[in-house]
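J.: let's see this in three dimensions:
(2 chains)
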Amino acid sequence: MIKHLGIIGDWVIGYYLEFGIWVLGIGRWRDTMLTPGERERYDRQIMIEQIGPEGQEKLKRSRVVIAGAGGLGSPIAIYLTAAGIGMIRLIDHDRVSMSNLNRQVLHWEEDVGKKKVQSAATKLRNLNPGVKIEAIEEMITETNVSRLVEGCDAIVDAMDNLPTRYILNRCAIEKNIPFFHGAVNGFEGRAMTILPGKTACLRCMYRGSVPGEKFPVIGVTPAVIGSIQATEVIKYLLGIGQLLTNRLLMYDGLEAVFTEFAVNRNPDCDHCGSLVQKE
Amino acid sequence: MPVKVHIHATHRRFTNGQEVVEVEGNTVGECLNHLIQQFPGMEKAIFARKDRLHNIVEVYLNHASAHPNELVKSVRDGDEIHLIIMLAGG
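T.: Numbering: from 1, shown residues only, chains lettered A, B, ... in the order given. As a prediction, this is how the structure comes out:
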């Protein structure tokens, strides 16, 4: 009798477990379906043939980490939030200063002294409450970088220094997460997309350490480069278009010229070279 | 037909404002030496020491990265060299 009840009990538990899993699955499916409000919000981009409702759902399911909430991070975060990325994790350890305001358009005069990630998160949540914004106030180091990018589909480089870019580059390669590089100086900028193990990485071009220094810049330059990086992220997430892989795109704002250079994978690269040899 | 060296905007003060300088040589290194013969101010701008470029200077040959061992890369008449400065700002 006891054994018989046990079998029935197992059956009942099993039934409810299966039902629970089914409910959770439906729940996840419903979470990524577009609501009527989202269909209205994203109407103009859903109209784009390469996006459509399926593409918009892909963006909704995506998780992107943006390393830096400054000059590049501002346009990247604004456009990815407006586009409806499901989750954006914004990382920056700095506070807003008056000299940031010429280019870091997520931060306003009233934000001077506030944590950048808090200032940015407030604006981004107001822009699009449907996007989950994770604001992390930490300095990116070799020790914490793996945790900081965990669970994300893309890492976007919005840093202001090369050493941290290389930390991100190495982590992206180790965790096989695409890395979207951008950098600016004055009226000049550059962008490149890195697919770990497949295309040239940032370190493939490494020629030795470069002293960090205060750099000149006007806001329109990171606006251009950050927008290109955000475009690359969207293209990658949707699997559309031609990415800037093995291609370094240089922008000269003064001459109003874009120039493209081919970049080769370096078999001796200390970040991705071992992946080259395995192929 | 000579080789054309495209000068980065920050270096044009050493080339009297010239954006493109025509040089001759069989390698990138020889071409850069010829550039320096014409415009001596370019030496400190691109070289840290003899045969060693500044880490911040990138060389592209015919729109493709010449890294590594840029200076020994062969060039032909009509080739184009771009001298670019690495960017780090954000």
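
J.: which other residues reach whichever helix in chain B runs longest?
T.: Scanning chain B for the helix with the most residues, using DSSP state H, yields helix B:28-38. With contacts defined as CB atoms under 8 Å, 6 or more residues apart in numbering or on different chains, helix B:28-38 is touched by B:3, B:5, B:15, B:21, B:23-25, B:42-43, B:46-47, B:51, B:59, B:61, B:66, B:70-73, B:75, B:81. The C-beta positions use only the backbone N, C-alpha and C, and glycine is treated the same way.

J.: after it comes which helix or strand?
T.: Next helix or strand after helix B:28-38 toward the C-terminus (DSSP states H and E): helix B:42-46.

J.: anything in the helix or strand just after that following helix near chain A?
T.: Remark: after helix B:42-46, the chain's next helix or strand is strand B:47-49, criterion DSSP H and E. No - judged by CB under 8 Å from any CB of the partner chain, strand B:47-49 makes no contact with chain A; its nearest approach is 8.9 Å.

J.: now stretch B:15-25
T.: No - contact of stretch B:15-25 with chain A is not found when judged by CB under 8 Å from any CB; the minimum separation is 8.9 Å.

J.: chain center to that stretch: distance?
T.: Its chain's C-alpha centre and that of stretch B:15-25 lie 9 Å apart, by CA atoms, centre = their mean, to the nearest Å.

J.: for that stretch, measure first residue to last.
T.: 19 Å (CA to CA, to the nearest Å).

J.: show me which of the contacts of helix B:28-38 are buried.
T.: B:3, B:5, B:15, B:21, B:23, B:25, B:42, B:46-47, B:59, B:61, B:66, B:70-71, B:73, B:75, B:81 (16 or more other CB atoms under 10 Å in any protein chain shown).

J.: so which of these are in strands?
T.: Taking DSSP state E as the definition of strands, those contribute B:V3, B:V5, B:V21, B:V23, B:F47, B:V59, B:L61, B:I81.

J.: what mean pLDDT does stretch B:59-72 get?
T.: For stretch B:59-72, mean pLDDT rounds to 96.

J.: quick one: residues in contact with it.
T.: With CB under 8 Å, 6+ apart, stretch B:59-72 has contacts from A:204-205, A:207, A:248, A:259-264, A:266, A:268, B:27-29, B:32, B:51, B:53, B:58, B:73, B:75, B:79-84.

J.: select only the buried ones of those residues in PyMOL?
T.: Applied in PyMOL, the following selects the buried portion of the contacts of stretch B:59-72 according to 16+ other CB under 10 Å:
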select buried, (chain A and resi 204+205+207+248+259+261+263+266) or (chain B and resi 28+29+32+53+58+73+75+79+81+82+83+84)
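
J.: what parts of the stretch 1-150 of chain A come near chain B?
T.: Counting by CB under 8 Å from any CB, the stretch 1-150 of chain A sits next to chain B at A:G68, A:G70, A:G71, A:L72, A:G73.

J.: ok, now how distant is the first one from B:V20?
T.: Put plainly, it is A:G68. As for A:G68, its distance to B:V20 is 35 Å (criterion: CB to CB, to the nearest Å).

J.: between these two, who's got more neighbours?
T.: Counted by other CB atoms under 10 Å in any protein chain shown, A:G68 and B:V20 do not tie: A:G68 has more neighbours, with 30 against 12.

J.: run a quick neighbour tally on the nearest residue to that one once chain neighbours are set aside.
T.: Nearest non-adjacent residue to A:G68, counting by CB to CB, 6 or more residues apart in numbering or on different chains: A:A158, 3.3 Å away. Using other CB under 10 Å, A:A158 is surrounded by 30 other residues.

J.: same question for the one 3 residues further on.
T.: When counting by other CB under 10 Å, one arrives at 16 neighbours for A:N161.

J.: thank you kindly, that will do.
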